[in-house]
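Asker: Take this sequence and fold it.
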Amino acid sequence: MTITQTRRRFLTTLSLAGTAGLIRAPRVLAAEEALETTSVRLMRIPTICLAPQYVAEELLRAEGFSDVHYVDAPSSAEFPEAIASSKTDFTMLYASPLVAGIDSLGAITALAGLHVGCLELFGHEAVRNIADLKGKTLGVPAMGSSEHLFVSVLAAHIGLDPVRDIRWITSQSPKPFELFADGKIDAVLAAPPVSQDLRARQIGHVVANSTVVVGSCTLIGTRLSLIQVDVTITERPLANDE
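Answerer: Numbers count the residues shown, from 1 in each chain. So this is what the prediction gives:
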C-alpha cells in the first residue's frame, strides 16, 4: 500500500518546506562563543516525529556547526546503541527506548523533553481497547523500537504481559501499516501522515492516543562523554530543537 499524494498533502508539505526557510537564525549567534567542536551528528529515519531534528540543520550551521551529518538507521531500535557507541551525538527519541538504553548501556543521558507525541494505536474490530490486545497480532518495525516499547508500556500498565500476551509481528517491508491495511494483523501504532491516511480510508479505529495517555513522549538524548568534553555543544542543538 502506498500513501496517496493528494493536493492537500502536497500543499501542506510545501508550506512546511517554506516555513523552514523563514526561521533562519541570525549568524551573529555563532560569534557569541566559539564551539570547540564544529561537527554534529544526528539520527535519521523516515518519520515525522523527528521533523524538528531535520529542520534544525540550517539553524545548527548558523550556530557555528560547519559539519551537520545525519546517520541513517532502519528503525529507532538502533538509536540507543548509536548514541552509546559514538556513532551519533544527539537524537530525538521516544522516552521508553531512551530509558531502556540508559539502563542497559549506561553511557546515555536525556537532556530535555520535547513534544507530547503523535502516536496512535489503531485496531480492527477485534481490538476495541488495550486489553483486547491479548492474543492479538501487532506490527512493529523492530523489537525495541519506539512502537514496540510504547505499546508494551500501555499493555503492562493495564496488567497485560507484553511478552506473552501480544503476538508481535516485525516487518520493515512491507511496513506494519501496510499489513494492517491488508487485514493481516490486528493492530498497529501509527504516526502522521499514516494515521491520517488510515482515517481517510476508514481502515480500523483509534484505540489509544499518545497525547492523552502520556506526558512528554519524546526526549532528546546524548552520550555522557560528550557533555564532559564540551558542554556548549549540548546547549545549542537543544536550543534549536525547542
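Asker: my guess is residue 122 is in a strand, correct?
Answerer: Yes. According to DSSP: H, G, I helix; E, B strand; the rest coil, the state of residue 122 is that of a strand.
Asker: count of neighbours near it?
Answerer: As a burial measure, residue 122 scores 23 neighbours (other CB atoms under 10 Å). (Glycine included, C-beta is placed from N, CA and C.)
Asker: pLDDT value on it, please?
Answerer: At residue 122, the predicted lDDT confidence score is 98.
Asker: can you offset everything so residue one is 642?
Answerer: Yep, numbering from 642; the last one is residue 763 now.
Asker: Give the helix, strand or coil label for residue 677.
Answerer: State at residue 677, reduced to three classes by three-state DSSP: coil.
Asker: roughly how far apart are it and residue 725?
Answerer: Using CB to CB, to the nearest Å, we find residue 677 at a distance of 22 Å from residue 725.
Asker: Same question for residue 750.
Answerer: When distance is defined by CB to CB, residue 750 is 11 Å away from residue 725.
Asker: joint contacts of the two?
Answerer: With contacts taken as CB atoms under 8 Å, 6 or more residues apart in numbering, residue 750 and residue 725 have residue 864 as neighbours in common.
Asker: more crowded one of those two?
Answerer: Shown here are residue 750 and residue 725; by other CB under 10 Å, residue 725 has more neighbours (20 against 16).
Asker: That one against residue 866, yeah?
Answerer: No. Under the criterion of CB atoms under 8 Å, residue 725 makes no contact with residue 866, lying 9.7 Å away.
Asker: Mind listing the shared neighbours of the two?
Answerer: What both residue 725 and residue 866 touch, as defined by CB under 8 Å, 6+ apart, is the set residue 748.
Asker: Residue 806: what's its closest spatial neighbour, skipping adjacent residues?
Answerer: Once flanking residues are discounted, residue 806 sits nearest to residue 775: 4.5 Å by CB to CB, 6 or more residues apart in numbering.
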